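[1] After the sequence you'll find the predicted model.
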Number of protein chains: 2
Amino acid sequence: MHSFKSLSEQFENHFNKRHFPLSPANLYDAAQYILKIGGKRVRPVSVLMACELFNEITDDAYHVATAIELFHNFSLIHDDIMDKAPLRRGMDTVHSKYGESTALLAGDVMLVVAYEEINKIKPSTLHDVLTLFSKTAKEVCEGQQMDMDFENRLEVNLDEYIEMITLKTSVLLAASLQMGAILGGAGKGNQQHLYEFGKNIGISFQIQDDYLDAFGDPDKFGKQIGGDILSNKKTFLLIHALSVATDQQKRDLEQLMSGKDEHKVEKVLQIFKDCNVEEWANSLKKKYADLAIKHLDETAVSEQRKLELKNLTHLLLERNT
Amino acid sequence: MHSFKSLSEQFENHFNKRHFPLSPANLYDAAQYILKIGGKRVRPVSVLMACELFNEITDDAYHVATAIELFHNFSLIHDDIMDKAPLRRGMDTVHSKYGESTALLAGDVMLVVAYEEINKIKPSTLHDVLTLFSKTAKEVCEGQQMDMDFENRLEVNLDEYIEMITLKTSVLLAASLQMGAILGGAGKGNQQHLYEFGKNIGISFQIQDDYLDAFGDPDKFGKQIGGDILSNKKTFLLIHALSVATDQQKRDLEQLMSGKDEHKVEKVLQIFKDCNVEEWANSLKKKYADLAIKHLDETAVSEQRKLELKNLTHLLLERNT
């Protein structure tokens, strides 16, 4: 069994190539550009790890891992257009560098190339992998639409927010793990456990992400603390705070969000603390992490084989310690 | 054998339904909306006709026809965003009605649903149809990129323009016919003849489209005459005129294109006439139509079976008579 780090290196070696024709250069250079920005490659490596849980890592697992990473980058290009984001990981976004029309097309073509990668796998698993891939792709679009819809709504409850986050970010990790399981020859039950394992890690990770944005150590987190608060983003923390706040705290929060108070971040954080948001977030994060581990525990392979996926869980969910 | 008209009605009955889930409503209503704008459905019906050339029309042919029409509408949604087009067939474009972000996502999700339709066909043809579908989808994106690139270039030669038009519009008709042939059980040679038949019809059709925009009867053509001239669009006519014009005619054309002469359309048309653009366009259109028919003639099925595809060719290429 290989560690996440070891498979990351192997995947990177495999993935680090030109995935597109040379011409038209504008289109395909734009598509290739975002792949060079890099990333943790958690999703594609999860395909490999889930496959190895049941079997040797096959060429098909690399094809599907590649498809997943291409799909993820397609969604980043289009999300960045929708969010009008100028930067990603400190570099120009595709549309900042190549213009919106070319970025839109580069995303389109990347989605098509993702499907081409899927079509390289052996016929016996093609239909099942395609079914899961397309179902997941639709859900990711649905999650992005819900996120945009929520921006225009005053109130969003916790269940709705969890559904949005699940679709927008968690199902792709879940599907990556299930596809790896399919390629490893796992039965339906084990496939489903891997899916639920990934889905719940994804939710737990997002709770942690929202938490760290507000309460993290700026040196370790690598982002500006309070960014979500400054941009009035709906997060796990804000949604919970609004649901338990006193009328006065609620009024204060709403006033802070609509105004330009120069101490906005500190004041909002103080209300979060007064509402016990920290403890609540940590316990919710733990709830989903436990659920994830429960599904891994119930997967019918030896404990020894599960070790690296458990290590990955800790790697992903203990960034703040 | 069924006529185009008869299969159009059958396809419309099959296609006229909700293709998407109900929620999130914003996303999927936007996707469904463009399908109601309608269209001639030439591409999906071509799938059915090509299938029937070799065999009975199967359920798989309807799945692929549906996928082709969804793909076509995905490309229309995204092209309209790139072109900032307010109207399509006299109705609001998707982004005018639902906003650019939702239109972008609605296009994305429509492409995914097109792949879902492909995935419904039987395993024995899935790989081949997917391969052709994805290859064609990439080419359509490449054609759109070339079209955008050409807008920023002073000179485009005829070969480049034909390549762009082939990718942007002809390969989808070609692929529709080849997919129908695959599903009908045709061998590689016949598949290739059907592909070339469709590709050359597509090019011939585009020459005719450019011609009618300049020289057509406004009552029959249904569009404003001279629209391409007013918007300085590079067309077969302009590219040829610039390549044969005298230095004086070239200067006049360039001046007309950069200025706001109120008689611009008439003056450009006069130069086109002086350059014999009409005869040239008609002979080029005929060259590609003949090439199309040659490939249909060489397809190894009885003349009787080819009748409806010949009728379709006349229907598409004799709009001005």
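    Nice, I can see it. Numbering: from 1, shown residues only, chains lettered A, B, ... in the order given.

[2] okay, A:Ile225: pLDDT?
    What the model reports for A:Ile225 is a pLDDT of 80.

[3] Now for the residue nearest to it when sequence neighbours are not counted, how many residues are close by?
    Nearest non-adjacent residue to A:Ile225, counting by CB to CB, 6 or more residues apart in numbering or on different chains: A:Pro218, 4.9 Å away. Where you see a C-beta, it was placed from the backbone N, CA and C, and this is true even at glycine. Counted with other CB atoms under 10 Å in any protein chain shown, the neighbours of A:Pro218 add up to 11.

[4] low pLDDT regions in the stretch 101-250 of chain A?
    A:221-223 (pLDDT under 70).

[5] What residues does it have near chain B?
    A:101-102, A:104-105, A:107-109, A:111-113, A:115-116, A:119, A:123, A:126-127, A:130-131, A:134, A:137-138, A:141-142, A:144-146, A:148-149 (CB under 8 Å from any CB of the partner chain).

[6] give me that answer again for 6 Å
    For the stretch 101-250 of chain A, the contact set with chain B under CB under 6 Å from any CB of the partner chain comprises A:101, A:104-105, A:108-109, A:112, A:115-116, A:119, A:130, A:134, A:137-138, A:141-142, A:144-146, A:148.

[7] out of the residues you listed, which are inside strands?
    Using DSSP state E, no member of those sits in strands.

[8] Alpha carbons of the helix or strand where A:Lys306 lies, as PDB, please.
    Under the criterion of DSSP states H and E, A:Lys306 resides in helix A:303-317. What follows is helix A:303-317, C-alpha atoms only, in PDB (Å, rounded to 0.1, in the frame of the first residue of the first chain):
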ATOM      1  CA  GLU A 303      -7.500  -3.000   8.600                       C
ATOM      2  CA  GLN A 304      -3.900  -3.100   7.200                       C
ATOM      3  CA  ARG A 305      -5.200  -2.000   3.800                       C
ATOM      4  CA  LYS A 306      -7.100   0.900   5.200                       C
ATOM      5  CA  LEU A 307      -4.200   2.500   6.900                       C
ATOM      6  CA  GLU A 308      -3.200   4.900   4.200                       C
ATOM      7  CA  LEU A 309      -6.800   6.200   3.800                       C
ATOM      8  CA  LYS A 310      -6.900   6.800   7.500                       C
ATOM      9  CA  ASN A 311      -3.700   8.700   7.300                       C
ATOM     10  CA  LEU A 312      -5.100  10.800   4.500                       C
ATOM     11  CA  THR A 313      -8.200  11.500   6.700                       C
ATOM     12  CA  HIS A 314      -5.900  12.900   9.400                       C
ATOM     13  CA  LEU A 315      -3.800  14.800   6.900                       C
ATOM     14  CA  LEU A 316      -7.000  16.500   5.500                       C
ATOM     15  CA  LEU A 317      -8.800  17.100   8.800                       C
END
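
[9] still on that earlier bit, buried only: go through the residues of the stretch 101-250 of chain A next to chain B for me.
    By neighbour count, with 16 or more other CB atoms under 10 Å in any protein chain shown, those hold A:101, A:104-105, A:108-109, A:112, A:115-116, A:119, A:130, A:134, A:137-138, A:141-142, A:144-146, A:148 as buried.

[10] Filter these down to the ones in helices?
    A:101, A:104-105, A:108-109, A:112, A:115-116, A:130, A:134, A:137-138, A:141-142, A:144-146, A:148 (DSSP state H).

[11] And the residue of chain A most remote from its centre, how close does it get to A:Asp274?
    Outermost residue of chain A with respect to the C-alpha centroid, by CA atoms, centre = their mean, is A:Gln248; its distance is 35.3 Å. Distance, A:Gln248 to A:Asp274, by CB to CB, to the nearest Å: 10 Å.

[12] Equivalent analysis for A:Pro218, please.
    For A:Pro218, the distance to A:Asp274 - CB to CB - is 22 Å.
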